[in-house]
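In: Below is the structure, and that's it, no one-letter string:
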Ligand SMILES: Nc1ncnc2c1ncn2[C@@H]1O[C@H](COP(=O)(O)OS(=O)(=O)O)[C@@H](OP(=O)(O)O)[C@H]1O
């Protein structure tokens, strides 16, 4: 690390530290006051991005589908493959929490870094205890690149976008494999959200966000066709799949009839019991404090009625 004046902050970036067993102890021994920033993104997208990057350098590697499983028919995911293992954030975090308190670790959402770079950078600056110098006015969205870029400033005459190797088109993956991996990651994601106290909604940024500011709006978005009720076990039970504040749950299909903001939504009700349909596949909808309903692309669950 370079020498630093009292008034300076030194930043060092090594993505592999987060998943390196010895890193927390070593960093702690160097300086226990170190602030840690971790950028996380949907682990399935992360794995595909990782694979796409490796493939661009080694075109002869086996397929993503082949590398992901020890036994695909049995759904046995190969956790020894780095592209898979890195996304098990909850496990890696445990090693860090043996040395650093959670308050010393800040998590940046890779998805929000694209959709709201100023917001994410604002939180980073707050975490570092520095003035919010980087704001909205420093970014513009480059549609061709699909990423925000830095606007030109007095000190740099050119705008600065991510290089050619970022934002590569991802390799097409069998949707069934994607679903299997989403299921695989679900408990790790949930544990991660619980530990960090934040729901990262690891779902595609391209997902539509349904605005439903009232019950009638919600019904408009998902017109009622069926009725029923589904109960979920206690929030903390792993079988409940966990729902985190300020998240409520609802379902799709059938249409959403309930979306209350609750820290502990444990059931979803729709219509009279008498006309219970055969249980459809239930999808979770996340509902934030503004009652914006967000279909979760990893929210397919089976429930009991
Ligand atoms: N600023 C910013 N905002 C959002 N996303 C970003 C940003 N910088 C890098 N990326 C994406 O992170 C993926 C890996 O990037 P890198 O190649 O820089 O990672 S690495 O450190 O070299 O492994 C890679 O993802 P893919 O686009 O899926 O390939 C990058 O696009």
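Out: Okay, I see it. As the structure is a computational prediction, the values presented were derived from the model and not from experiment.
In: Quick one: name the residues of the stretch 51-200 of the chain near the ligand.
Out: 53, 110, 113-114, 162, 165-168 (C-beta under 6 Å from any ligand atom). C-beta: built from backbone N, CA, C; applies to glycine.
In: need the residues you listed in JSON lines with distance to residue 30, neighbour count and secondary structure, can you?
Out: Below are these laid out as JSON lines (distance: C-beta to C-beta, whole Å; neighbours: other C-beta atoms under 10 Å; DSSP: H, G, I helix; E, B strand; the rest coil):
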{"residue": "53", "distance to residue 30": "29", "neighbour count": "14", "secondary structure": "helix"}
{"residue": "110", "distance to residue 30": "27", "neighbour count": "18", "secondary structure": "helix"}
{"residue": "113", "distance to residue 30": "27", "neighbour count": "17", "secondary structure": "helix"}
{"residue": "114", "distance to residue 30": "32", "neighbour count": "16", "secondary structure": "helix"}
{"residue": "162", "distance to residue 30": "30", "neighbour count": "14", "secondary structure": "coil"}
{"residue": "165", "distance to residue 30": "30", "neighbour count": "9", "secondary structure": "coil"}
{"residue": "166", "distance to residue 30": "30", "neighbour count": "12", "secondary structure": "coil"}
{"residue": "167", "distance to residue 30": "34", "neighbour count": "16", "secondary structure": "coil"}
{"residue": "168", "distance to residue 30": "34", "neighbour count": "12", "secondary structure": "coil"}
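In: out of those residues, who's nearest residue 183?
Out: residue 110 (21.1 Å; C-beta to C-beta).
In: any idea what sits nearest the closest one, other than its immediate chain neighbours?
Out: residue 41 (3.1 Å; C-beta to C-beta, 6 or more residues apart in numbering).
In: repeat for residue 171
Out: Per C-beta to C-beta, 6+ apart, closest to residue 171 is residue 52, 5.1 Å.
In: number of nearby residues for the one you found?
Out: 16 (other C-beta atoms under 10 Å).
In: Got the confidence number for it?
Out: We have a pLDDT of 96 for residue 52.
In: Next: residue 270.
Out: Value for residue 270, per-residue pLDDT: 36.
In: mind checking how far residue 15 is from the ligand?
Out: With distances taken as C-beta to the nearest ligand atom, to the nearest Å, residue 15 is found 4 Å from the ligand.
In: Next, the contact list for residue 33, please.
Out: residue 104 (C-beta atoms under 8 Å, 6 or more residues apart in numbering).
In: how about it, secondary structure?
Out: coil (DSSP: H, G, I helix; E, B strand; the rest coil).
In: Now do the strands in the chain.
Out: 36-40, 69-71, 76-77, 105-109, 139-142, 147-150, 210-211, 228-231, 251-252, 267-270, 282-287, 292-301 (DSSP state E).
In: which one of the ones you listed has the lowest average pLDDT?
Out: Among these, strand 210-211 scores lowest, with a mean of 30.
In: Do I have it right that residue 151 meets residue 139?
Out: Yes. Between residue 151 and residue 139 there is a contact at 6.7 Å, judged by C-beta atoms under 8 Å.
In: Return the residues in contact with whichever residue of the stretch 101-250 of the chain sits closest to the ligand.
Out: Nearest to the ligand, among the residues of the stretch 101-250 of the chain, is residue 166, at 3.4 Å (C-beta to the nearest ligand atom). If a contact means C-beta under 8 Å, 6+ apart, then residue 166 has residue 147 as its contacts.
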